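>>> have a look at this prediction, sequence included:
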Amino acid sequence: MARPVLPLVLLAIALHYVGVLASSVFVACIILAIALALFSFILGLIGYISLWYSGDAGWRESTSGLLVGTVAIVFLMFMAVMSSQFPNINDVSTAPLITPIQGRANGADAPVATLIDGQKYRFAGTRQYRLDEQTALDLISQAASNMGWSKLNQTQTSAAELHQFYKAKSLLGFVDDVTISTRATAQLVIVNVRSASRYGSGDYGANSARIENFLLTLDELVASTPERQIAD
């Protein structure tokens, strides 16, 4: 019973990452793998008890079931701990009211992101750079590329305000939407970022961490440019 668990997990991850499996089907496969692992754990316990009294062959199969089941139990405990440490949100932004998201309703019906937790993610906040607009946009594009994001499109809501929409993919293949909003003034380019999961009601901090990592990457690129300035 334990033998198909690892192949099922690896195959599901691979197919989900390349986009063959939808996220809902992928999660169902993982749940099935966990169920098989737990069932293997129970069978392994029964097998050990039986072997203890009978002395027959089968120690290897029972041990395999116990090991696979133990991994599943540890994974479930880990997920329970993560769930207790992170709020049940999947859409965060440095400026929730001014950062739209790709493919979602706009206007009064638009979903509003949660303001990113500035105490937990101390480096994830609105950025103000003393750069010309084109230089800032070039650096933003480079930072997004360094993060491995794919650009979908962009929207110019005014002469000075631009929203760029990206697609980000996790190691497990979950696809999230990212918006980078810029507003140019006479002296500054103001940058805000929003990240939202397409699947699931909670992100275990993934979107907030993504925003923080992007902004730190952008800070490094800005710091390396001759005309750079990061405003207070």
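That came in fine, so what should we check first?
>>> helices along the protein, start to end?
In chain order, the chain shows helices spanning 5-17, 23-54, 59-85, 133-146, 206-223, with DSSP state H as the criterion.
>>> just say which of the ones you listed is most tucked in.
Comparing the helices of the chain by mean neighbour count (mean count of other CB atoms under 10 Å), helix 206-223 ranks first with a mean of 19. Where C-beta positions appear, they are placed from N, C-alpha and C, glycine not excepted.
>>> beta partners for Gln164?
When bridges are called by DSSP bridges, Gln164 pairs up with Gln154, Ile180.
>>> what about it, neighbour count?
Residues lying near Gln164 (other CB atoms under 10 Å) number 22.
>>> need the pLDDT of it.
The predicted local distance difference test score for Gln164 is 96.
>>> again with Pro87
Checking the pLDDT column for Pro87, the value is 86.
>>> contacts only, for it.
114, 202 (CB atoms under 8 Å, 6 or more residues apart in numbering).
>>> phi first, then psi, for it.
Taking degrees, to the nearest 10, you get phi -70, psi 160 for the backbone angles of Pro87.
>>> would you list the helices of the chain in a markdown table and tack on distance to Gly173?
What follows is the helices of the chain, written out as a markdown table (distance: least, CB to CB, whole Å):
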| stretch | distance to Gly173 |
| --- | --- |
| helix 5-17 | 4 |
| helix 23-54 | 7 |
| helix 59-85 | 17 |
| helix 133-146 | 19 |
| helix 206-223 | 13 |
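>>> who wins for proximity to Val189 among those?
Proximity of the helices of the chain to Val189 was assessed by CB to CB; the nearest stretch is helix 133-146, lying at 4.0 Å.
>>> what's the burial count for the residue lying closest to Asn153 once chain neighbours are set aside?
Excluding its sequence neighbours, the residue lying closest to Asn153 (CB to CB, 6 or more residues apart in numbering) is Phe165, at 5.5 Å. By the measure other CB under 10 Å, the count of residues near Phe165 is 20.
>>> ok, now how distant is Phe165 from Trp149?
According to CB to CB, to the nearest Å, Phe165 and Trp149 sit 10 Å apart.
>>> ok, now Thr157?
From Thr157 over to Trp149 the distance is 21 Å, taken as CB to CB.
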